[in-house]
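# got a predicted structure here, sequence first:
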Amino acid sequence: MISFRRRLTLVHQAVIVVVLTVTALAAYWTLSREVHAQLDAALLALAETEAAALPEQGGQAVTVHEAVAAGAPPSFERLDRLLQIVGADGEVLARSRNLGAARLPLSPDLSRRLAAGEVVFETLHSFGSEPTRLVSLPVQGHGNVRAVQVAGSLDDVDRVVETASVLFGVMGATLLLAVGAAGFLLTRGAFNAIGDVVEQAHRIGDASLGRRLPHPGTDDEIGRLVQTLNEMLDRLEHGFDAQKRFTADASHELRSPLSRLRTELELALRRPREPAAYVDAMRSCVEEVERLTLLVEELLTLARLDAGQERGPTETASLKALVEEAMARQESAAQERGVRMALAPSAMRHELMVARGPASLVLANLLDNAVKFSPHGGRVTVQLATEGAEARVSVGDEGPGIQKQDLPYVFERFYRGAAARAGAVPGIGLGLALSHAIVKAHGGRIEASSPVAGGALFTVSLPFADAAVTARP
């Protein structure tokens, strides 16, 4: 197969050849027509001059005016022109001296056309030693004079056209070579640069994603290509790092409950025990199994969200109603920890286009975190607001808050901040990551902040139902 580089070069050369050929042919045709038209105009002007000098009376002698008037400059227009005056019956009434005993042809068809008053131009290929151009001008009102014929040599015209054709050929060949060479050099330089990029890209693998392609230092297409590829490598590197961390964290989270489950079972089987001890061991095992089940379900949900398969059917729902339902389900856990939950008054009436189950899960995760991190006697505040075409729900607590260095990572999977790691707050670090993925799938966004007054504040923004319908393609 012919490489793209060679195909591009061949196409480039073919286009140049076609353009130069068409241009040369057009220029040749235009020049040939122009020089022939100039010769025809000169012959016709001489014929008209001679016709104007014919005697008005029919009895006067008809002569060719070759003599130059006294004191007048020499006339070059008659030196290489053959002139002949023809009568009504076709006889030659007068002729120029350089015509000698010869006569310009007068065919029956030419006589008929002259009788009809038509000016006739002809090219004579067999008259004299050179190709000849002949014009026959009909004359009326001058006795028995029928026409004035003037002939001129085409040799100079043909030489001009031939010289121009040679010149056009040389110029076309020169331009073809020059433009072809320039195109070849430019193409070779561009493809050599692309080849270097390809060679460098081949050396980058899974173990060397930290390497980058060398930038040529220019802002042309090659420079932008290298920059785009380096940005893509940055995203791939971050994706691979996140995947590695996710795999390691998932393995750790799965190994811990499995180890505890195995330990409980081994202790229960090591020696005979009382029935109550077996019941306690089974309950502990059930708790670990529930923890494993929750972890696996959340991992599957995240995997489906990543594949765009977990959004589910959407419906119009009131955000205020969803928040009230989530707070009602969380009320018992809040009472156990001595935490009060309050929904700030709001007149919001707009509805959202969301999947009710995932949306409720997001609110449940935020409220669960707020309750878990709030101190005994603390307060969790939920606020609803409208901003443009979006509805916003904010969940704030009075807990230890989020440290500044933890803020960029709170939505990463299995990430737990310093407050969660230092305390005895249960969790596996998937709730916020799952909430972030769900909100993003619904065209919204979730943000975390740590107010100066203390505590943590999570804000979810979702488009209203009418805005979602309008923005849908």
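Everything's here; your move.
# show me the contacts for residue 122.
Contact analysis of residue 122 by Cβ atoms under 8 Å, 6 or more residues apart in numbering lists 110, 133-136. The way it works is simple: take the backbone N, C-alpha and C, and place the C-beta from them, glycine included.
# tell me how many other residues crowd residue 446.
21 (other Cβ atoms under 10 Å).
# could you list the paired strands of the helix or strand harbouring it along with their orientation?
Here residue 446 sits within strand 445-449, counting by DSSP states H and E. Strand 445-449 has its sheet partners listed here by DSSP bridges as strand 457-463 (antiparallel).
# ok now the strand it pairs with, how far from the chain's centre?
In terms of Cα atoms, centre = their mean, to the nearest Å, the centre of strand 457-463 is found 35 Å from the chain centre.
# ditto for stretch 35-42
With Cα atoms, centre = their mean, you get 53 Å for stretch 35-42.
# go on, stretch 197-216?
25 Å.
# who's in contact with that stretch?
193, 222-223, 225-227, 229-230, 233, 236-237, 240.
# number of nearby residues for the residue nearest to residue 362 when sequence neighbours are not counted?
Among residues not flanking residue 362 along the chain, residue 435 sits closest, at 4.4 Å (Cβ to Cβ, 6 or more residues apart in numbering). Number of residues near residue 435 (other Cβ under 10 Å) recorded here: 23.
# got the contacts of stretch 197-216 as CSV, with secondary structure columns?
Shown next, in CSV, are those (DSSP: H, G, I helix; E, B strand; the rest coil):
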residue, secondary structure
193, helix
222, helix
223, helix
225, helix
226, helix
227, helix
229, helix
230, helix
233, helix
236, helix
237, helix
240, helix
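# returning to what we had before: what's near enough to touch the residue nearest to residue 362?
Applying Cβ under 8 Å, 6+ apart, the residues near residue 435 are 361-362, 365-366, 411, 446, 460.
# and for residue 394?
Shown in contact with residue 394 (Cβ under 8 Å, 6+ apart): 381-383, 385, 457-460.
# need the buried ones from these selected in ChimeraX.
What follows is the ChimeraX syntax selecting those of the contacts of residue 394 that are buried according to 16 or more other Cβ atoms under 10 Å:
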select :381,382,383,457,458,459,460
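# dump the contacts of residue 394 into TSV; add distance to residue 125 and pLDDT as well.
Shown next, in TSV, are the contacts of residue 394 (distance: Cβ to Cβ, whole Å; pLDDT from 0 to 100):
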residue	distance to residue 125	pLDDT
381	108	92
382	105	92
383	103	90
385	98	88
457	101	92
458	99	92
459	96	92
460	95	91
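# tell me which of the contacts of residue 394 is nearest to residue 273?
Nearest to residue 273 out of those is residue 458 (Cβ to Cβ; 46.0 Å).
# go ahead and confirm that closest one touches residue 450.
No. With contact defined as Cβ atoms under 8 Å, residue 458 does not count as touching residue 450 (10.5 Å).
# low-confidence stretches in the stretch 101-250 of the chain?
By pLDDT under 70, the low-scoring segments of the stretch 101-250 of the chain are 143, 206, 242, 245-246, 249-250.
# at 90 what do you get?
Along the stretch 101-250 of the chain, the model assigns pLDDT under 90 to residues 101-117, 124-131, 139-147, 152-158, 164-165, 167-250.
# which residues of it fall in strands?
Assigned strands in the stretch 101-250 of the chain, in chain order: 120-124, 132-138, 145-153 (criterion: DSSP state E, counting those that start in this stretch).
# closest one to residue 442 among those?
Of the strands of the stretch 101-250 of the chain, the one closest to residue 442 (Cβ to Cβ) turns out to be strand 120-124, at 84.4 Å.
# got the angle between the closest one and strand 145-153?
Between strand 120-124 and strand 145-153, the angle comes out at 40 degrees (axes from the mean of the first three to the mean of the last three Cα atoms, to 10 degrees).
# so for strand 120-124, what gets flagged as buried?
120, 122.
# re earlier: could you grab the helix/strand/coil label for the residue nearest to residue 362?
Applying three-state DSSP: residue 435 is helix.
# could you check how far it is from residue 19?
Distance of residue 435 to residue 19, computed by Cβ to Cβ, to the nearest Å: 63 Å.
# what's the answer for residue 35, then?
Residue 35 is 25 Å from residue 19, by Cβ to Cβ.
# neighbour-wise, which of these two wins?
Neighbours per residue, other Cβ under 10 Å: of residue 35 and residue 19, the larger number sits with residue 35, 18 against 14.
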